[in-house]
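Novice: fold the following, please.
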Amino acid sequence: MSQVIRVLVATMSGTAELVAEEVSALLEDAGYASKIQLMDRMKVEDLTPGVYVICTSTYGTGEVPDNGKPLYAALETGKPDLRGIVYGVIGLGDSIYPGTFCFGGKRFDELFTSLGASRVGERLDHDRRCGGYPEDTAREWILEWLPLLAQRTSSDQTS
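Specialist: Modelled structure (predicted):
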């Protein structure tokens, strides 16, 4: 069985979930098993060692979407050890709000790193105003991210 990559989704309007579905399809096309998980259906204990893609929008004044808040708060207060987790981040936002642009993704990125998880590649900060669909931008990003992931996992196995 191929490695499972879990796509964690925090969304308000459903856009991040649409992006996650596109990402999941691309992962499966590349030979990985993929599982989409809405964050409101997750507990901290569900974050076991493995590979994750966090796909989140930003809400309000730079907040994590409502369905991601309980998991985010539990991680922030419980401070579990996330070593053994490798992840990438797709953040969605609108640059009309420069002070909080893509903060949902930035917040999860900073939190995962502070808890010992290791990010692969750069975070994708998609701007709603760029004129492109977020799922198209995510498609380009995941195609660049997968070789970095493969390089990372092969170097982890040789060390």
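
Novice: can we go C-alpha only for contacts and neighbour counts from here?
Specialist: Fine.

Novice: show me the shaky parts of the chain.
Specialist: Low-confidence segments of the chain (pLDDT under 70): 1-2, 154-159.

Novice: can you give me the strands for it?
Specialist: 4-10, 33-38, 50-56, 85-93, 118-119, 124-127 (DSSP state E).

Novice: need those in a markdown table (columns: mean neighbour count).
Specialist: Shown next, in a markdown table, are these (neighbours: other Cα atoms under 10 Å):
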| stretch | mean neighbour count |
| --- | --- |
| strand 4-10 | 23 |
| strand 33-38 | 18 |
| strand 50-56 | 25 |
| strand 85-93 | 25 |
| strand 118-119 | 19 |
| strand 124-127 | 21 |
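
Novice: take those and lay them out in CSV including distance to Thr77.
Specialist: Shown next, in CSV, are those (distance: least, Cα to Cα, whole Å):
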stretch, distance to Thr77
strand 4-10, 19
strand 33-38, 20
strand 50-56, 19
strand 85-93, 19
strand 118-119, 20
strand 124-127, 26
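
Novice: what's the closest of those to Arg152?
Specialist: Closest to Arg152 of these is strand 85-93 (Cα to Cα; 9.0 Å).

Novice: does anything pack onto the closest one? Which helices or strands?
Specialist: strand 50-56, helix 103-114, strand 118-119, strand 124-127, helix 134-158 (3 or more Cα pairs under 8 Å, 6 or more residues apart in numbering; DSSP states H and E).

Novice: show me what the first one pairs with in its sheet, parallel or antiparallel.
Specialist: Strand pairing for strand 50-56, determined by DSSP bridges: strand 4-10 (parallel), strand 85-93 (parallel).

Novice: include distance to Val120 when you put the ones you listed into CSV, please.
Specialist: As requested, the strands paired with strand 50-56 are exported to CSV (distance: least, Cα to Cα, whole Å):
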stretch, distance to Val120
strand 4-10, 13
strand 85-93, 6
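
Novice: what's the closest of those to Ala16?
Specialist: Evaluated with Cα to Cα, the strands paired with strand 50-56 place strand 4-10 nearest to Ala16, the distance being 6.4 Å.

Novice: could you export the helices and strands packed on strand 85-93 as JSON lines, including distance to Ala30?
Specialist: Below are these laid out as JSON lines (distance: least, Cα to Cα, whole Å):
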{"stretch": "strand 50-56", "distance to Ala30": "15"}
{"stretch": "helix 103-114", "distance to Ala30": "24"}
{"stretch": "strand 118-119", "distance to Ala30": "20"}
{"stretch": "strand 124-127", "distance to Ala30": "20"}
{"stretch": "helix 134-158", "distance to Ala30": "8"}
